[in-house]
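Peer 1: Got a sequence here, can you model it:
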Amino acid sequence: MYVILVYDIGQKRVGKMLKLCRRYLHWIQNSVFEGELSDVQLKSLVSEASLIMEEGDSLITFKSRESRWLEKEVYGDEKNEIDSFL
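Peer 2: Alright, predicted model coming up:
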């Protein structure tokens, strides 16, 4: 499935969350990631993230069957361009 993940987390834990999310997804903007994950990978990511998170932190995922069902438009500078090739 195609996943967009965003988080809002305390400053002291941002580095840990960033490293975790980069293991699973592509970083596209501060606290925003996207990419293809299996159900098992997503559950693993959320489980590991919950160990980092504390009260007041949040993690939100948006899921779609495939990235082709989303229309993505970037205005301004794209922080981390993702090339899709077969």
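
Peer 1: alpha carbons only for contacts and neighbour counts from here, please
Peer 2: Fine.

Peer 1: all helices of this protein, in order?
Peer 2: Taking DSSP state H, the helices of the chain run over residues 14-24, 39-52.

Peer 1: which other helices and strands contact the first one?
Peer 2: Packed against helix 14-24, as judged by 3 or more C-alpha pairs under 8 Å, 6 or more residues apart in numbering; DSSP states H and E, are the following elements: strand 32-36, helix 39-52.

Peer 1: Quick one: list the elements packing against the longest one.
Peer 2: Here helix 39-52 touches helix 14-24, going by 3+ C-alpha pairs under 8 Å, 6+ apart.

Peer 1: where's the helix it packs on relative to the chain centroid, distance-wise?
Peer 2: 9 Å (C-alpha atoms, centre = their mean, to the nearest Å).

Peer 1: residues touching the nearest residue to Glu34 once chain neighbours are set aside, list them.
Peer 2: Leaving out its chain neighbours, the residue that sits closest to Glu34 by C-alpha to C-alpha, 6 or more residues apart in numbering is Ile4, at 4.4 Å. With contacts defined as C-alpha atoms under 8 Å, 6 or more residues apart in numbering, Ile4 is in contact with 32-35, 61-63.

Peer 1: cutoff 6 Å now
Peer 2: Going by C-alpha atoms under 6 Å, 6 or more residues apart in numbering, Ile4 touches 33-34, 61-62.
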